[in-house]
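K.L.:
Sequence first, predicted coordinates after that:
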2 protein chains.
Amino acid sequence: MGQPTLYEVADRAGVSLATASRVLNGSTRTVGEALRLRVMAAAQELHYSANGPAQAMARGHNNTVGLIVSDIADPYFTQIAAGVIEAAEKAGLVVTMGTTGGEPDRELDHLGGFRSQRANGVVIVGSRRHGDRIEPLADHLASYGQHGGRVVLVSQPVGEIPCVEVDNRKLAAELARALVDQGHREFAVLAGPTDLVTSRDRLTGFRNGLRSRQQAVPAENVVHGAFTRAGGHASMTALLGRNRSPGCVFAVNDVMALGAMAAIEEAGLQVGRDVPIAGFDDIPTLADVRPTLSTVRVPLREAGHEAVRLLTEPGGGHVVLSGEVVLRDSTARTD
Amino acid sequence: MGQPTLYEVADRAGVSLATASRVLNGSTRTVGEALRLRVMAAAQELHYSANGPAQAMARGHNNTVGLIVSDIADPYFTQIAAGVIEAAEKAGLVVTMGTTGGEPDRELDHLGGFRSQRANGVVIVGSRRHGDRIEPLADHLASYGQHGGRVVLVSQPVGEIPCVEVDNRKLAAELARALVDQGHREFAVLAGPTDLVTSRDRLTGFRNGLRSRQQAVPAENVVHGAFTRAGGHASMTALLGRNRSPGCVFAVNDVMALGAMAAIEEAGLQVGRDVPIAGFDDIPTLADVRPTLSTVRVPLREAGHEAVRLLTEPGGGHVVLSGEVVLRDSTARTD
DNA sequence: GGTGTGTTGGAAAGCGCTTGCCCAAACTGT
DNA sequence: ACAGTTTGGGCAAGCGCTTTCCAACACACC
């Protein structure tokens, strides 16, 4: 049979339900010391544990934040998730999580689920697509917002919804300039999916950066593909098929760069010397990869913290995080 | 304001609460086609979304499984978590997650939290310690179980509680024999924390395997340290400080092996040729590490699936998963 | 026509908790 | 000593839903 209820605790302590509630589950009202102790003792003896759903119902909200990511096994999401969880636990919130596998529909499903759970808020760290696919999400968000639900997006601004973003364009531009300054003159880009906001921004920023140094990347050297390691591998293989020395390669994220490095080696070429390459994100995995990969360090964990902050603090907001270009061996010029 | 309630839906459809409930939230009772449609339409128009906590309260349980891991950023836990989430979503369950940072107390905190959430079950994937630290957990588990809570442990058997385990001893022994068969004769072990069940088992298994081939690892070559990349790095550095060629190194998990590899390079030595090394787990990161690391492939994701299966299926169980030794370059003999 | 059987709708009793409200007792100040 | 103000306790009304029980009705059968 079931767990002890507050009523039983109150009974055993010889006080009213109200008093027991005030003692055990926080309240502005104070309770006399003697009764307080009696209630605590009773709760102890009975191994009382508050019924969360009941509290949630009575109070009208859970202490829960929903987190939606596309793939929990991808280090990029993992880092952000870790940040969210850290911050949430610090704020006394419980995190419930859903994965989408990149399908926008599943995003909506989970949003609906969290909504019906009456989560305090939802963090969507996203693979938001460009174009009309936004509409359904925006609608849901609006309706959720009207009913008091708070949502924070990570790296995928949609309308006026609070969002924490990375300054992808600026950083990609900085990376481009740094590479030119290192002496690179020919470029290729493994650009991810055409409709993903993040990859578009990074591509655009990279191009802008090159332009400001009077350089450019030829259209045939921009290869689109999945935003994953496999995607990077495939894109790089395709690129090498056309051109064994495509110049300095920019992969719009690190996992793609990793896949590309594997492809380069499989083609019998050497990363860095034959094919310089840079990534983006500075995921922790890079610590163990040789040659060390040039990239842009992005404060992913911090992004998670900020997302929770935005969720818990009143008033919306739009946080833009910056990062830092990190040049390592994979783009070093040896000549 | 606030979200629409079932009552409002019923009202708008001109039926009773009971009927609306039966239509919208599943029931054994059938409802006449005409009313059914009316209710569905009303729900649609109102954007009705069931109130989860209220349902949970009325029904007495959530469709939730709690997941406790020590560090979500560690690829080992990440893989298991991914497996749990996949399986849970398939079973229509929502996963709520907590991290412990390796502190047993936090494990209890989260268990309490999930218990009060009335989660259907809890998966604890663990860094269970050896010795008396088990008691409090076991107590809580027992009390939780008595009240109908289901718990599944991953890789940390405690009493009769359902558990999915990896056959660490057997696999470590196989690895040891494989290394001997490759021609290695001197060994060292980066053995992780002394009191962690998993590291103990792997160490013991490895020793047993060596013994069956008339080999052994000298006591001074067994270095204990944290179960993390940093721990592996530190342990390896210590080992090299005493002995520049310790023989073939077995790190009890891959992340430690990665840290050790970095330490080896920092010491100006070459992984494989100067210091052969093997890990355990076969985390995905290994795909991008050179030289490729010999290890033991463990079906981590599957462990997650099994955990959920054990949770949802009636009757306990104890699943032992096996794995496979994978020899790669880091232990190849070149002479 | 009377009785039995099945089906469908509704009334209402909870589920375990929070909280607004009222009231008695213990204070304060003058 | 008396009104005016805290203070601390209890009552009871919900919160939104599920589910048991009952009523109504339709149909069949003897």
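P.N.:
That came in fine, so what should we check first? Numbering: from 1, shown residues only, chains lettered A, B, ... in the order given.
K.L.:
Which elements pack onto the helix or strand bottoming out on mean pLDDT in chain A?
P.N.:
Ranking every helix and strand in chain A by mean pLDDT, DSSP states H and E puts helix A:134-146 at the bottom, with a mean of 77. When contacts are defined as 3 or more Cβ pairs under 8 Å, 6 or more residues apart in numbering or on different chains; DSSP states H and E, helix A:134-146 sits against helix A:104-117, strand A:150-154. C-beta here means a position set from N, CA and C on the backbone, and glycine is covered the same way.
K.L.:
Those: which one's closest to chain B?
P.N.:
Taking Cβ to the nearest Cβ, helix A:104-117 is the member of these nearest to chain B, at 4.1 Å.
K.L.:
Quick one: mean pLDDT for that closest one?
P.N.:
For helix A:104-117, mean pLDDT is 88.
K.L.:
What of stretch A:299-311?
P.N.:
Mean predicted confidence for stretch A:299-311 is 96.
K.L.:
What are the contacting residues of it?
P.N.:
The contact list for stretch A:299-311 (Cβ atoms under 8 Å, 6 or more residues apart in numbering or on different chains) reads A:65, A:76, A:79-88, A:91, A:93, A:120-121, A:123, A:125, A:150, A:152, A:154-155, A:162, A:164, A:166, A:281, A:283, A:316-317, A:319, A:321, A:323.
K.L.:
In ChimeraX, select just the buried ones from those residues.
P.N.:
Here is the ChimeraX command that picks out the buried ones among the contacts of stretch A:299-311, judged by 16 or more other Cβ atoms under 10 Å in any protein chain shown:
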select /A:65,76,79,80,81,82,83,84,85,86,87,88,93,120,121,123,125,150,152,154,155,162,164,166,281,283,319,321,323
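K.L.:
from the contacts of stretch A:299-311, which ones fall inside strands?
P.N.:
Residues of the contacts of stretch A:299-311 located in strands (DSSP state E): A:65, A:121, A:123, A:125, A:150, A:152, A:154, A:164, A:166, A:319, A:321.
K.L.:
could you dump those residues to TSV with distance to chain B and pLDDT?
P.N.:
Output for the ones in strands among the contacts of stretch A:299-311, formatted as TSV (distance: Cβ to the nearest Cβ, whole Å; pLDDT from 0 to 100):
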residue	distance to chain B	pLDDT
A:65	10	93
A:121	14	90
A:123	13	95
A:125	14	91
A:150	14	87
A:152	18	93
A:154	16	93
A:164	19	96
A:166	18	95
A:319	21	95
A:321	18	96
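K.L.:
circling back: is any residue of the least confident helix or strand of chain A near DNA strand D?
P.N.:
No. Helix A:134-146 does not reach DNA strand D (Cβ under 7 Å from any atom of the strand); its nearest approach is 15.0 Å.
K.L.:
how many neighbours does residue A:126 have?
P.N.:
Residue A:126: 25 surrounding residues under other Cβ atoms under 10 Å in any protein chain shown.
K.L.:
Quick check: the gap between the nearest residue to it once chain neighbours are set aside and residue A:206.
P.N.:
Nearest residue to residue A:126, sequence neighbours excluded (Cβ to Cβ, 6 or more residues apart in numbering or on different chains): residue A:156, at 4.0 Å. Applying Cβ to Cβ, to the nearest Å, the value for residue A:156 to residue A:206 is 19 Å.
K.L.:
More neighbours: those two, which one.
P.N.:
Neighbours per residue, other Cβ under 10 Å: of residue A:156 and residue A:206, the larger number sits with residue A:206, 29 against 21.
K.L.:
elements contacting the strand or helix carrying residue A:189?
P.N.:
In this assignment (DSSP states H and E), residue A:189 forms part of strand A:187-192. Secondary-structure packing of strand A:187-192 (3+ Cβ pairs under 8 Å, 6+ apart): helix A:197-211, strand A:222-224, helix A:229-242, strand A:248-251, helix A:254-266.
K.L.:
quick one, which of these is nearest to DNA strand C?
P.N.:
Closest of the helices and strands packed on strand A:187-192 to DNA strand C is helix A:197-211, at 39.6 Å (criterion: Cβ to the nearest atom of the strand).
K.L.:
how about the CA coordinates for that closest one, as PDB?
P.N.:
The C-alpha trace of helix A:197-211 is given here as PDB (Å, rounded to 0.1, in the frame of the first residue of the first chain):
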ATOM      1  CA  VAL A 197      20.100  28.500 -38.600                       C
ATOM      2  CA  THR A 198      23.300  27.800 -36.800                       C
ATOM      3  CA  SER A 199      25.100  26.500 -39.800                       C
ATOM      4  CA  ARG A 200      23.900  29.300 -42.000                       C
ATOM      5  CA  ASP A 201      25.100  31.900 -39.500                       C
ATOM      6  CA  ARG A 202      28.500  30.300 -39.300                       C
ATOM      7  CA  LEU A 203      28.800  30.000 -43.000                       C
ATOM      8  CA  THR A 204      27.800  33.600 -43.500                       C
ATOM      9  CA  GLY A 205      30.100  34.900 -40.800                       C
ATOM     10  CA  PHE A 206      33.000  32.900 -42.200                       C
ATOM     11  CA  ARG A 207      32.400  34.400 -45.700                       C
ATOM     12  CA  ASN A 208      32.100  37.900 -44.300                       C
ATOM     13  CA  GLY A 209      35.400  37.400 -42.500                       C
ATOM     14  CA  LEU A 210      37.100  36.300 -45.600                       C
ATOM     15  CA  ARG A 211      35.700  39.100 -47.600                       C
END
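K.L.:
Can you name the residues of the stretch 201-335 of chain A that neighbour chain B?
P.N.:
Proximity of the stretch 201-335 of chain A to chain B (Cβ under 8 Å from any Cβ of the partner chain) is limited to residues A:229, A:258, A:261-262, A:284-285, A:287-290.
K.L.:
run the last query once more with 10 Å
P.N.:
When proximity is defined as Cβ under 10 Å from any Cβ of the partner chain, the stretch 201-335 of chain A approaches chain B at A:229, A:233, A:254-255, A:257-259, A:261-262, A:265, A:271, A:283-291, A:293, A:300-301.
K.L.:
Mark which of these are buried, thanks.
P.N.:
Buried by 16+ other Cβ under 10 Å: A:229, A:233, A:254-255, A:257-259, A:261-262, A:271, A:283-286, A:288-291, A:293, A:300-301, out of these.
K.L.:
re earlier: right, and the residue nearest to residue A:126 touches residue A:162 too?
P.N.:
No. Using Cβ atoms under 10 Å, residue A:156 makes no contact with residue A:162, being 11.8 Å away.
K.L.:
from the stretch 101-250 of chain A, which residue is nearest to DNA strand C?
P.N.:
residue A:118 (12.8 Å).
K.L.:
Near that residue, how many residues? Count them for me, please.
P.N.:
Residue A:118 is flanked by 23 other residues according to other Cβ under 10 Å.
K.L.:
ditto for residue A:27
P.N.:
So residue A:27, with other Cβ under 10 Å, has 12 neighbours.
K.L.:
Could you tell me which residues make contact with the closest residue in space to it that isn't next to it in sequence?
P.N.:
The spatially closest residue to residue A:27, leaving aside those adjacent along the chain, is residue A:21, at 7.0 Å (Cβ to Cβ, 6+ apart). By Cβ atoms under 10 Å, 6 or more residues apart in numbering or on different chains, the contact set of residue A:21 is A:6-7, A:9-10, A:15, A:27, A:29, A:31, A:39, A:50, A:55, A:58.
K.L.:
With pLDDT added, can I get those in CSV?
P.N.:
Shown next, in CSV, are the contacts of residue A:21 (pLDDT from 0 to 100):
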residue, pLDDT
A:6, 94
A:7, 94
A:9, 94
A:10, 93
A:15, 93
A:27, 72
A:29, 81
A:31, 87
A:39, 93
A:50, 91
A:55, 92
A:58, 90
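K.L.:
Check those one by one and keep those near DNA strand D.
P.N.:
Filtering those for neighbours of DNA strand D using Cβ under 7 Å from any atom of the strand leaves A:15, A:29, A:31, A:58.
K.L.:
now the last one: how far from residue B:115?
P.N.:
Counting by Cβ to Cβ, the gap from residue A:58 to residue B:115 is 19 Å.
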